[in-house]
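S.K.: take a look and give me a structure for this.
(chains A, B, C and D)
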2 protein chains.
Amino acid sequence: MTQEKKESETNPAGSGYLPGLAIDAVIFGFHDHQLKVLLMEYKRSKIFALPGGFIRNDEDLNKAAHRVVSERTGLQNIYLEQFYVFGDFGRSDPRPMKSIMTAIGLKHDDTHWLLQRFVSVGYYALVDFTKVTPMPDKIFDGCAWYPLGEIPDLMQDHALIIKKALESLQADLDRKLVAFNLMPEEFTMNELQTVYETILDRKLLRPAFQRKILSLGLLERVAKKWTGGAHKAPYLYKFIS
Amino acid sequence: MTQEKKESETNPAGSGYLPGLAIDAVIFGFHDHQLKVLLMEYKRSKIFALPGGFIRNDEDLNKAAHRVVSERTGLQNIYLEQFYVFGDFGRSDPRPMKSIMTAIGLKHDDTHWLLQRFVSVGYYALVDFTKVTPMPDKIFDGCAWYPLGEIPDLMQDHALIIKKALESLQADLDRKLVAFNLMPEEFTMNELQTVYETILDRKLLRPAFQRKILSLGLLERVAKKWTGGAHKAPYLYKFIS
DNA sequence: ACTTATTGTAATAATTTGTTACAATAATAA
DNA sequence: TTATTATTGTAACAAATTATTACAATAAGT
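M.R.: I've put the predicted structure just below:
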């Protein structure tokens, strides 16, 4: 099965996939007190890009997005949110892709489907950093986490896509309950607060935060966590419902 | 110019337009104490649909959406918001379109581009009802307003698209300042409150609403309005910024 | 003038959010 | 063992926001 599909991803006409339509995924993880995103790299030419993919002729768009994110993270059942469609005429600069295709020895002329105009549906994903195994694909031989403050130059409009994804995440933060998807199974209140503060890019007051979060009734106290620090041990919480 | 474009919209291959990608617009207006949407009707077979269109090869997606909405309303500079992409495999039932094409004598077989799978980008528009001149298109010979409570059966997943559009509008209502786009130049506080109540589908308290809206500092008092009613005359306001 | 309906806003109550304060630890050092 | 230190959990209070009640100010009609 995968053989055939991968074939069609590199054939010149792109048969088997919806033409002109792509998915770009901004996969957020939290680690080391930072928000990070998963980026693909074509190492030879140091070209960076968001994880992306195409939609099969018989595949739901949202299913395709889940597939793309699963293929890069190794995870199933990921929290995914459509946030914007990037459809400007000028967004598809074919040059970086062209130089990659030349470098990997993929035969192509200017009519190769990967070099045409693409409209791209932007999704953001929230994942438990500790569970992810970054996986390269056919075209990009690197796949790794980059802190939001240290994003390298990206292909096409991918920097804008990340910016819009972050803005959407910030807006969704209290309307939905998205932040929990970034946490491991068990976490302290302080860790959760740090995630909120990092996403919103501002400090929150500890007592107010704790009161607000606990009042949602979504957290269950698991046990105390001995951190080894010279102070009272915090509770561990886990998400219920 | 328009001649050529209209030609390409009905030719069997759909040349000149991005393949497989469409725009559906939920155009909201407010009139007679009701939220209404603009619907297209093919009168012979009583088939109803949302106003929609396609994206030209050299056209920005958002520009295309503005064009689509302008063509149906006669208005320029419309408030438009992308809200969701509808991309399920099963959403494109070709039968209604087929029967219309037969009825209008458009030659086609099953490979005609209008009968293929489409992914559709959903936009909602907010317009001043009193300024709109509903305009039919090549395929649908009717274009008229329908109150949200009296929407007829619609093609494909267009009922779902309206539902999602309304949910997005509700969510955007206080984060952005969208409601003003539904108002005429000058309006009373009561009229504005009715719009809010209709969108949110719940009653609001008059003093709280007035205080909140005025505290935004976006409204200017114009003059009193003599309604002819046996009571104090309300102020008229207009939107400043 | 008196009545009625509705407006604009003041006054008060309830709720939510922001801030300060402090007792309860877990480790380390005296 | 007993301070000392850092951090946690939460109470207590303050400020701000939002909800509710109340009422004077009209614009007609009676």
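S.K.: switch to C-alpha atoms for all contacts and neighbour counts from now on
M.R.: OK.
S.K.: I'd like the distance between residue A:84 and residue A:23.
M.R.: Between residue A:84 and residue A:23 the computed distance is 11 Å (CA to CA, to the nearest Å).
S.K.: who's more crowded, those two?
M.R.: Each of residue A:84 and residue A:23 has its neighbours counted (other CA atoms under 10 Å in any protein chain shown); residue A:23 has more, 25 against 20.
S.K.: how much space is there between the more buried one and residue B:140?
M.R.: Distance, residue A:23 to residue B:140, by CA to CA: 32 Å.
S.K.: do residue A:24 as well
M.R.: 35 Å.
S.K.: ditto for residue A:50
M.R.: According to CA to CA, residue A:50 stands 41 Å off from residue B:140.
S.K.: and if you look at residue A:101?
M.R.: For residue A:101 relative to residue B:140 (CA to CA), the value is 45 Å.
S.K.: what's the answer for residue A:175, then?
M.R.: Residue A:175 sits 39 Å away from residue B:140, going by CA to CA.
S.K.: common neighbours of residue A:84 and residue A:23, please.
M.R.: A:121, A:122, A:123 (CA atoms under 8 Å, 6 or more residues apart in numbering or on different chains).
S.K.: near chain B too, which of those?
M.R.: Applying CA under 8 Å from any CA of the partner chain to the shared contacts of residue A:84 and residue A:23, one finds that residue A:121 fall near chain B.
S.K.: which one of residue A:24 and residue B:140 has more residues nearby?
M.R.: residue A:24 (26 against 21).
S.K.: what residues are bridge-paired with the more buried one?
M.R.: residue A:52, residue A:122 (DSSP bridges).
S.K.: residue A:120 is in contact with that one, correct?
M.R.: Yes: counting by CA atoms under 8 Å, residue A:24 touches residue A:120, with 6.4 Å between them.
S.K.: one step back: from the shared contacts of residue A:84 and residue A:23, which is closest to DNA strand D?
M.R.: Using CA to the nearest atom of the strand, residue A:123 is the member of those that lies nearest DNA strand D, at 30.5 Å.
S.K.: secondary structure element for residue A:62?
M.R.: helix A:61-73 (DSSP states H and E).
S.K.: give me the residues contacting that helix.
M.R.: By CA under 8 Å, 6+ apart, helix A:61-73 touches A:23, A:25, A:27, A:51-56, A:75-78, A:80, A:123, A:125, A:132-137, A:143, B:86-89.
S.K.: quick one, phi psi at the spatially closest residue to residue A:186 that is not a sequence neighbour?
M.R.: When the adjacent residues along the chain are set aside, residue A:186 lies closest to residue A:238, with 4.9 Å between them (CA to CA, 6 or more residues apart in numbering or on different chains). The phi and psi values for residue A:238, taken as degrees, to the nearest 10, are phi -140, psi 160.
S.K.: now do residue A:209
M.R.: The phi/psi pair for residue A:209 (degrees, to the nearest 10) is phi -60, psi -50.
S.K.: just the buried positions in stretch A:195-202, please.
M.R.: By neighbour count with 16 or more other CA atoms under 10 Å in any protein chain shown, stretch A:195-202 contains the buried residues A:195, A:196, A:198, A:199, A:200.
S.K.: and the third one, how far from residue B:31?
M.R.: Okay, so that is residue A:198. With CA to CA as the criterion, residue A:198 and residue B:31 are 44 Å apart.
S.K.: surely residue A:83 is in a helix?
M.R.: No: counting by DSSP: H, G, I helix; E, B strand; the rest coil, residue A:83 falls outside a helix, being strand.
S.K.: what's it in contact with, if anything?
M.R.: A:121, A:122, A:123, A:124, A:164, A:165, A:168, B:84.
S.K.: quick one: which of the residues you listed is nearest DNA strand C?
M.R.: residue A:168 (20.0 Å).
S.K.: good, we can wrap up now.
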